[in-house]
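Visitor: any chance you could fold what I've pasted below:
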Amino acid sequence: MVVSAGPWSSEKAETNILEINEKLRPQLAENKQQFRNLKEKCFVTQLAGFLANRQKKYSNIKSWFTLRNES
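Guide: Below you'll find the predicted structure:
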């Protein structure tokens with residue numbers, strides 16, 4: 001099965017592709033920014049979880065030493 005590209009000349013097709021690219025460029029930039037924002041939020045969430053976990057471990061060790069010294 002052969003699909004024809006249609007009656008467009010290659011020059012008109014190229015112009016049409018350029019027009020489409022111009023229309024999509026702002027949307028692409030916006031999507032890239034949204035992706036960067038999402039990556040940043042993910043990183044901050046992971047960092048907060050890591051720090052909370054470290055704080056919990058530190059608190060447990062501190063409690064253990066405090067109980068040990070009080071005995």
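
Visitor: what ranges do the strands span in this structure?
Guide: Using DSSP state E, no strands are assigned anywhere in the chain.

Visitor: number of nearby residues for Leu47?
Guide: Per other Cβ atoms under 10 Å, the neighbour tally for Leu47 reads 10. Heads up, the C-betas are built off the backbone N, CA and C, glycines and all.

Visitor: that should have said Glu14, apologies.
Guide: If we define neighbours as other Cβ under 10 Å, then Glu14 has 11 of them.

Visitor: separation between the residue most central in space within the chain and Gln27?
Guide: Note on the chain: the residue nearest the mean C-alpha position is Lys39, at 3.1 Å, using Cα atoms, centre = their mean. The gap separating Lys39 from Gln27 is 19 Å, by Cβ to Cβ, to the nearest Å.

Visitor: tally up the residues packed near Ser59, please.
Guide: 10.

Visitor: let me fix that: Leu67
Guide: Leu67 has 9 neighbours, counted by other Cβ under 10 Å.

Visitor: kindly report the same for Gln55.
Guide: Counted with other Cβ under 10 Å, the neighbours of Gln55 add up to 10.

Visitor: how close does it sit to Arg25?
Guide: To Arg25, Gln55 is 45 Å away according to Cβ to Cβ.

Visitor: check Asn16 too.
Guide: 15 Å.

Visitor: and if you look at Lys57?
Guide: 48 Å.
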